[in-house]
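Engineer: got a sequence here, can you build the structure:
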Amino acid sequence: MSEVLVNSNVYSKTVLRKKPHRTVAKGLKLFNEMFKTVTKPNTNFINYPLLDQKNDLPHDLFTYEILARLPIKCLLQLKSVSKDWHSTVSSYEFASAHFKTRLSGYHPCSSVEGLVIQVASKFYLFYIQDEAVALDYCLVKLEPNFDDLDENNVQLVGSCNGLVCLADSSSSSDYFYIWNPVTYHSRKISDPCFISDHCIVSWGFAYVSSVDDYKVVRIVQDYDTLETVVLVFSLGSREWKRVHDHGLDQCLFLTKINPGVLVDDSLYWIMVSRGVLEKRVVVRFNLSLEKFEEVPGLVPKDVNPRDQFLCVTGGCLSLYNSNVRHEADLSILKRPEETESISISSRLDKWDCFGLVGFTKTGKCFVISKGSELALMDLESPRKQHIPLVTFEQVRRPSIVSYVPSLISPFPLGDLQKD
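Structural biologist: Here you go, the predicted structure:
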């Protein structure tokens, strides 16, 4: 394990790199060139010929056909050249255009190359290059400055288009953060709804493509009154809205405070029906219609799970199940009411899965173990080949979400928080 310190005008970070036996690329080179993150500005960059072209070309052509194709690293350097460059690169319109240009060939089923990882109150960016003949990766420790977030209750809610949502999972919390780990811009948003101590609270974060807006969903269920309150915050309008006609059956309750899992324009949760016959169901919250509905065909009827959670594999909603006999499987919802089941029990005699995200270019999935180990698992191999990557300090169960870096600001219309 080696450490490389990288200085930045935005923040300082530590790159931790573990070298597998088949590594062919240099970790720092991979970090700087492939994923285009932040490094110290190069003063010689001001003389780069690109700057001379700015006044010779139409503004829109130069901005959206040339600048929008540059890596994030170069664009962050350009911001330090002049106020004009800073204004151009910082605008919401440019950040969106740059993100769309970089992901022109992206599809929800595209391979996962980046993760945000939470271990207690610590956060990391993890990048990987998983090719057929080589495996290389690096881990970047982030240094967020959220003093008012309780380190015992801080929760990684989700990630969309380079933005990360963090919230306090306690029922008394009344705020959350939207944060871009690359630019380090963050936005604190308060929830005006009063919450009692007799509630369970779950969050969800999503980009809703149909309305081009980011939304944060908060579900609050009161143990005493059995009332369910659904609140939605729009990043575009900067307003909270209570959804009264949310369509959620009053007999359905959250099983855990796990955040909602995003697939397309819907967030998904596991809930339990408290009736004569208790059963578990998956519900989805349609973010366009702002209504709940049950998802049939995903939860096995004859399974009494020891552990169960939702995840995303290959752009599809998936359900991980394990039982008391240490047998486990992954049910992937390919189409409505059509699931594919993959058994992964061959590893669970020694290894429990607490989180899963898939897939890499070679079809492996990222998994988090009971021992706070991040690893790759090959679900296609007969013995479910297990490739250890990083072992974290065993303070609290780590959380992982897929991540794609961007310049997109948590403030609409480029109204950036001042450094």
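Engineer: burial measure for residue 83, as a count.
Structural biologist: Neighbour count for residue 83, taken as other CB atoms under 10 Å: 8. For every residue, glycine as well, the C-beta is placed using N, CA and C.
Engineer: same check, this time on residue 352
Structural biologist: So residue 352, with other CB under 10 Å, has 17 neighbours.
Engineer: which ones are touching it?
Structural biologist: Neighbouring residues of residue 352 by CB atoms under 8 Å, 6 or more residues apart in numbering: 307, 322, 369-370.
Engineer: cool, and residue 293?
Structural biologist: 247, 283-284, 286.
Engineer: can we see that at 7 Å?
Structural biologist: 247, 283-284 (CB atoms under 7 Å, 6 or more residues apart in numbering).
Engineer: in this protein, which helix is the longest?
Structural biologist: helix 92-102 (DSSP state H).
Engineer: what is the rounded mean pLDDT of it?
Structural biologist: Helix 92-102 shows a mean pLDDT of 86.
Engineer: so for that helix, what gets flagged as buried?
Structural biologist: By neighbour count on 16 or more other CB atoms under 10 Å, the buried set for helix 92-102 is 92, 94-99, 102.
Engineer: so residue 62, which state does it fall into?
Structural biologist: helix (DSSP: H, G, I helix; E, B strand; the rest coil).
Engineer: that one - how many residues pack around it?
Structural biologist: Residues near residue 62, counting by other CB under 10 Å, number 17.
Engineer: still on that earlier bit, of the contacts of residue 352, closest to residue 80?
Structural biologist: Using CB to CB, residue 369 comes nearest to residue 80 of the contacts of residue 352, at 41.9 Å.
Engineer: alpha carbons of stretch 140-159, as CSV, please.
Structural biologist: Presented in CSV, the C-alpha positions along stretch 140-159 are these (Å, rounded to 0.1, in the frame of the first residue of the first chain):
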residue,chain,number,x,y,z
VAL,A,140,-9.2,8.9,-2.8
LYS,A,141,-10.0,10.1,0.7
LEU,A,142,-12.3,13.1,0.7
GLU,A,143,-12.3,15.8,3.3
PRO,A,144,-15.8,17.3,3.5
ASN,A,145,-16.4,20.0,6.0
PHE,A,146,-19.9,19.4,7.3
ASP,A,147,-19.4,20.1,11.0
ASP,A,148,-23.1,20.0,11.8
LEU,A,149,-23.6,16.4,10.5
ASP,A,150,-23.6,13.9,13.3
GLU,A,151,-20.9,11.5,12.5
ASN,A,152,-22.9,8.7,14.2
ASN,A,153,-25.9,9.3,12.0
VAL,A,154,-24.6,10.7,8.7
GLN,A,155,-25.9,8.6,5.8
LEU,A,156,-24.9,8.4,2.2
VAL,A,157,-28.3,8.7,0.5
GLY,A,158,-27.3,8.5,-3.2
SER,A,159,-25.5,9.9,-6.2
